[in-house]
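Student: when you get a sec, could you give me coordinates for this:
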Amino acid sequence: MEHTYPFVPYAPDRYDEAEMIRRGREFFEHVDRRRSVRFFSDEAVPRECVELAVMAANTAPSGAHQQPWKFVLIGDAETKRRIRVAAEEEERQNYEGGRLTPEWRTALAPLETTSDKGYLEVVPWIVVCFAEKYGLRTDGARVKHYYVNESVGIACGLFITALHTMGLSTLTHTPNPMAFLSEICSRPGNERPYILFPVGYAALDAEVPDLARKPLDEALVHF
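Tutor: Numbers count the residues shown, from 1 in each chain. Below you'll find the model as predicted:
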């Protein structure tokens, strides 16, 4: 068929049934070992690892292919300190200041989280993903973006998976409100903080809550 815009041939890999299932099971077993980590090593991590994870995030589908995300990479101690101080201030309002509802506290109890975010100064890298509420042309005109939350969420999922594949750990930290990240990272008004990711190796003595993931029969409905 004829196209108004450029198209190129696409021929994804295909496998026989047994190989599809083997690859699918192998991938599941790989990602099933991933856990959110709050105990990190201060061991250096090559910047290229984070860059590769962002490149993987860039392969995510997005509304009208507008890719409404921006990843900010932070490695200097002073900025990490500023982020920790600001994040803990907001979290103290949550945990000690009464912003968390009783239901929320009950849900968080098995995780034993607190307002202490000391790992933000331990990790070699902090990555903050910003969602672009709208785009900006070179003349300053706004460009409407579509399905921003969905698009950025998928990109962040790929980012997390890429880090795990390289043997790195992270945490989806969303201090609320997060406006301080826009100020610290000097981001423009069309971007809003979406997720803060501490990135590094898990500490040798790291622990995670003993949690079970939802089984298939609770996650999948055969209709």
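
Student: okay, and the spatially most central residue of the chain sits in which element?
Tutor: With distances taken as CA atoms, centre = their mean, Cys156 lies nearest the centre of the chain, 4.0 Å away. If you go by DSSP states H and E, Cys156 is part of helix 148-165.

Student: let me see the mean pLDDT of that helix.
Tutor: For helix 148-165, the mean per-residue pLDDT is 98.

Student: kindly export that helix (C-alpha atoms) in CSV.
Tutor: The C-alpha trace of helix 148-165 is given here as CSV (Å, rounded to 0.1, in the frame of the first residue of the first chain):
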residue,chain,number,x,y,z
VAL,A,148,1.6,10.8,28.9
ASN,A,149,1.2,8.7,32.1
GLU,A,150,0.8,5.5,30.2
SER,A,151,3.7,6.2,27.9
VAL,A,152,6.1,7.2,30.6
GLY,A,153,5.1,4.3,32.8
ILE,A,154,5.9,1.8,30.1
ALA,A,155,9.3,3.5,29.5
CYS,A,156,10.1,3.3,33.2
GLY,A,157,9.2,-0.3,33.3
LEU,A,158,11.7,-1.0,30.5
PHE,A,159,14.3,1.1,32.4
ILE,A,160,13.9,-1.0,35.5
THR,A,161,14.1,-4.2,33.6
ALA,A,162,17.3,-3.1,31.8
LEU,A,163,18.9,-2.3,35.1
HIS,A,164,18.0,-5.7,36.5
THR,A,165,19.3,-7.4,33.4
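
Student: buried set for it?
Tutor: Neighbour counts over helix 148-165 (16 or more other CB atoms under 10 Å) mark 148, 151-156, 158-164 as buried. C-beta here means a position set from N, CA and C on the backbone, and glycine is covered the same way.

Student: can you give me the neighbour number for Pro209?
Tutor: When neighbours are defined as other CB atoms under 10 Å, Pro209 has 11 of them.

Student: check the one 5 residues further on too.
Tutor: Burial measure for Lys214: 8 neighbouring residues, criterion other CB under 10 Å.

Student: so it lies in a strand, does it not?
Tutor: No: read with DSSP: H, G, I helix; E, B strand; the rest coil, Lys214 is coil and lies in no strand.

Student: offset the numbering so it begins at 46, please.
Tutor: Sure, I'll start counting at 46 from here, so that last one is Lys259.

Student: how close does it sit to Val82?
Tutor: 20 Å (CB to CB, to the nearest Å).

Student: same question, Pro57
Tutor: 33 Å.

Student: the two: who's more crowded?
Tutor: Neighbour count, other CB under 10 Å: between Pro57 and Val82, Val82 has more, with 21 against 4.

Student: mind checking how far the residue lying closest to that one once chain neighbours are set aside is from Trp114?
Tutor: In space, and not counting its chain neighbours, Val82 is closest to Ser214: 3.9 Å by CB to CB, 6 or more residues apart in numbering. The gap separating Ser214 from Trp114 is 21 Å, by CB to CB.

Student: quick check: Phe72 is in a helix.
Tutor: Yes: applying three-state DSSP, one finds Phe72 inside a helix.

Student: run a quick neighbour tally on it.
Tutor: Phe72 has 12 nearby residues by other CB under 10 Å.

Student: the strands in the protein, which residues?
Tutor: 114-119, 170-177, 179-181, 187-189, 214-215, 236-245 (DSSP state E).
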